[in-house]
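A.B. asks: Quick one, fold the following:
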Amino acid sequence: MSADRAVTIALAAAVCAAAPATAARVAAETAERSAAETAPAERPAEADANGFVRIFNGKDLTGWDAKPGWWRVEDGAITAETTKERPCRKCNYLIWTGGEPGEFELRATFKLVGGNSGIQFRSERRPDWDTYGYQADMDAANQWTGCVYAHGRGKVGGIGEKTVIDESGKKTVTSIGDKADLLKTFKKGGWNAYRILAVGRKIQTFINGKKVADLLYNEQRYKDNPEGIIGLQVHPGPPMKVQFKDILLKQR
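C.D. replies: Now for the predicted structure:
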């Protein structure tokens, strides 16, 4: 047997010997990821007197799927933070694993210091903890807080606006309140209450009890996709810290 032939046989034997261990490791990693993505949300047996279910337990991220290293619980609140030393290069979302609500009311208390964030809903999940769909927006500069944003289309529901989008995509916008007055309801750097109401093709957002945006979308291409995941966003840009607590969901 030639030396080259002997080396080839030895290498083949080594590869065959390592294959089971490699396969076992890959299978374990796949199972771990699958379990994380499908972990059931921690939900109480019964909703409260008003029909709301608490989908964040205030202690840990049970029932949520987080990109490693980006989300934690701090002082009873879901928290994401970026710094100059550790910036966010690409959006990622903390995704609730308890379902894909279509018609619902979502309430959450949030605090945003710097930057931009949002609450994703009626969205599809994409790789690397990304999403695509609707978002109840928020920003520390308070120019977007309460807007309804949609991937691929941008702002579809503005502050102080009732927006109706017909089947062709044409928008008709009327006023539901003075933008300057509505912006005053937002407490910069403090805790604020977000309420999202989605019924049929109608979406409404409220900040601290004030209706901010009212959207009715009738575009044919969106009529058949009223359901989707819920997610919380960490956004690229300047240093920021966002926190969420008291997250309540009532499905219709």
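
A.B. asks: distance of Ile207 from Arg107?
C.D. replies: Here the distance between Ile207 and Arg107 works out to 12 Å (C-beta to C-beta, to the nearest Å). Heads up, the C-betas are built off the backbone N, CA and C, glycines and all.

A.B. asks: okay, the two: which has more neighbours?
C.D. replies: Ile207 (24 against 17; other C-beta atoms under 10 Å).

A.B. asks: returning to that earlier point: overlap in contacts, Ile207 and Arg107.
C.D. replies: Applying C-beta atoms under 8 Å, 6 or more residues apart in numbering, one finds that Ile207 and Arg107 are jointly contacted by 193-195.

A.B. asks: Give me the nearest residue to Val234, chain neighbours excluded.
C.D. replies: For Val234, the nearest residue in space outside its immediate sequence neighbours is Ala80; the separation is 4.0 Å by C-beta to C-beta, 6 or more residues apart in numbering.

A.B. asks: can you tell me which residues contact that neighbour?
C.D. replies: Contacts here follow C-beta under 8 Å, 6+ apart; on that basis Ala80 touches 70-72, 94, 117, 232, 234, 241-242.

A.B. asks: Next SSE downstream of the strand or helix carrying it?
C.D. replies: When secondary structure is defined by DSSP states H and E, Ala80 falls within strand 77-82. Stepping forward along the backbone from strand 77-82, the first helix or strand reached (DSSP H and E) is strand 92-96.

A.B. asks: after that next one comes which helix or strand?
C.D. replies: Toward the C-terminus, strand 92-96 is succeeded by strand 104-113 as the next helix or strand (DSSP H and E).

A.B. asks: which residues of the stretch 101-250 of the chain fall in strands?
C.D. replies: Per DSSP state E, counting those that start in this stretch, the stretch 101-250 of the chain carries strands over the ranges 104-113, 116-126, 130-139, 148-150, 154-157, 161-165, 171-175, 191-199, 202-207, 210-217, 229-234, 240-251.

A.B. asks: okay if I get those strands as TSV plus mean pLDDT?
C.D. replies: Output for the strands of the stretch 101-250 of the chain, formatted as TSV (pLDDT from 0 to 100):
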stretch	mean pLDDT
strand 104-113	98
strand 116-126	96
strand 130-139	95
strand 148-150	94
strand 154-157	92
strand 161-165	96
strand 171-175	96
strand 191-199	97
strand 202-207	97
strand 210-217	96
strand 229-234	97
strand 240-251	97
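
A.B. asks: Ok, which of these comes nearest Ala66?
C.D. replies: Taking C-beta to C-beta as the measure, the strands of the stretch 101-250 of the chain were each checked against Ala66, and strand 229-234 came out nearest at 9.4 Å.

A.B. asks: now the closest one and strand 104-113, what's the angle there?
C.D. replies: Taking axes from the mean of the first three to the mean of the last three C-alpha atoms, to 10 degrees, strand 229-234 and strand 104-113 form an angle of 10 degrees between their directions.

A.B. asks: Dump strand 229-234 to PDB, restricted to CA.
C.D. replies: As requested, C-alpha coordinates have been extracted for strand 229-234 and formatted as PDB (Å, rounded to 0.1, in the frame of the first residue of the first chain):
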ATOM      1  CA  ILE A 229     -46.500  37.600  16.200                       C
ATOM      2  CA  ILE A 230     -46.000  40.200  18.900                       C
ATOM      3  CA  GLY A 231     -42.500  41.500  19.400                       C
ATOM      4  CA  LEU A 232     -40.500  44.200  21.200                       C
ATOM      5  CA  GLN A 233     -37.800  46.100  19.300                       C
ATOM      6  CA  VAL A 234     -34.200  47.100  19.900                       C
END
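
A.B. asks: bridging residues for Trp64?
C.D. replies: Using DSSP bridges, the beta-bridge partners of Trp64 come out as Trp96.

A.B. asks: Pull the number of nearby residues for the nearest residue in space to Arg201 that is not next to it in sequence.
C.D. replies: Spatial nearest neighbour of Arg201, excluding adjacent residues (C-beta to C-beta, 6+ apart): Tyr217 at 5.2 Å. For Tyr217, the count of nearby residues is 24 (other C-beta under 10 Å).
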